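K.L.:
Pasting the sequence and the predicted model now:
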Amino acid sequence: MKLEFGDRLFWGIMIFIGSLFLWIGIFETFAPLWVGAILGFITGVLFVVWGPGGKAKSEKGARG
């Protein structure tokens, strides 16, 4: 399933917000919230760039 850029951006933002909630609920006793924000931001950006339909998919051989 190929996602368009807007779809990947939406899911990247949702990954960021979800990781913050996960961090607050589970990991905040071990490390501060800004660590979770940085990890969530990096994960969201990676999903936007290399998610389904992103740069990692080589469409060199695709015809249509």
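P.N.:
Cool, got the structure.

K.L.:
Would you state the helices of this protein in chain order?
P.N.:
Secondary structure of the chain by DSSP state H: the helices cover 5-22, 33-50.

K.L.:
Now do the phi/psi pair for the residue nearest to Asp7 when sequence neighbours are not counted.
P.N.:
Leaving aside its sequence neighbours, Asp7 sits nearest to Gly53 (Cβ to Cβ, 6 or more residues apart in numbering; 7.8 Å). Glycine gets a C-beta too; all of them are placed from N, C-alpha and C. When quoted as degrees, to the nearest 10, the phi and psi of Gly53 stand at phi 90, psi 10.

K.L.:
Tell me how far Gly53 lies from Ile42.
P.N.:
20 Å (Cβ to Cβ, to the nearest Å).

K.L.:
If you count surrounding residues, which of the two has more?
P.N.:
Gly53 (15 against 12; other Cβ atoms under 10 Å).

K.L.:
so who does the spatially most central residue of the chain touch?
P.N.:
Centroid check for the chain by Cα atoms, centre = their mean gives Gly44 as the closest residue, at 2.4 Å. Taking Cβ atoms under 8 Å, 6 or more residues apart in numbering, we find Gly44 in contact with 12-13, 15-16, 19.

K.L.:
From the residues you listed, pick the one nearest Ile26.
P.N.:
Set against Ile26, the nearest of the contacts of Gly44 by Cβ to Cβ is Ser19 (10.6 Å).
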